[in-house]
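Q: here is my input, please return the structure:
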Amino acid sequence: MFQFLGSLFGSAKAGERIVDGAINAVDKLFYTDEEKAEAAASARSEGFKVYMAWLESTSGSRLARRFIALIVVMIWASEHLASVLAGGLAVFATDPVKWERVSVMLAGHASDNNALVGVVLLFYFGGPAATDAARGLVEKWVGKKP
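A: Got it, this is the predicted structure:
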C-alpha cells in the first residue's frame, strides 16, 4: 500500500507520512473518556502547583489572612448563636414576636454567609485538595458561574 501511495507522491516514505497523518487526524476527532480524565488530572495538578506557589510567595501575609478569617468566622458564628439565643428567649418574653423576628433576621444573615465561611474554612483546612470545592462555594456565594 505504501508503495502505491509512494508511487503517487514520490516515495514510500511519503506514503507512510500520509497514512500516519490520516490516522492521527481521525484519532484527534475523538476525545475519549481516558483523555478527558488525563486532561482534568493535569489541570488539577497545575492548579495545585499555582496554589502552593501562591501560598509560599505570600507567606509574609499569613497573619493578616488568619485575622481576616477569624473575623469572618466570628461574625458568622455570633449571628448563629445570637439567633438561637433570641429564639430561646422568645418563649419567655412578654412580646415574643419581636424576639422571633430578631432570631429569623440573624439566622438569615448567617445563612447568607454560609458559602463565604465555607470558602474560608476550606482555604485554611482543606489545602490544595479543596480547590474544586472552594470554586463551587465561591460561585454559589457570588451567585454566578464563570
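
Q: ok, which stretches of the chain are helices?
A: 2-9, 12-29, 33-57, 62-90, 96-112, 114-125, 131-142 (DSSP state H).

Q: residues contacting stretch 66-76, please?
A: Contact partners of stretch 66-76, identified using Cβ atoms under 8 Å, 6 or more residues apart in numbering, comprise 110, 113-114, 116-117, 120-121, 123-124. C-beta coordinates here come from the backbone N, C-alpha and C atoms, glycine included.

Q: now which of those would you call buried?
A: When the contacts of stretch 66-76 are checked for burial by 16 or more other Cβ atoms under 10 Å, the buried set is 110, 113, 116-117, 120-121, 123.

Q: reformat the residues you listed as JSON lines; add distance to residue 70.
A: Shown next, in JSON lines, are those (distance: Cβ to Cβ, whole Å):
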{"residue": "110", "distance to residue 70": "16"}
{"residue": "113", "distance to residue 70": "14"}
{"residue": "116", "distance to residue 70": "14"}
{"residue": "117", "distance to residue 70": "11"}
{"residue": "120", "distance to residue 70": "9"}
{"residue": "121", "distance to residue 70": "11"}
{"residue": "123", "distance to residue 70": "13"}
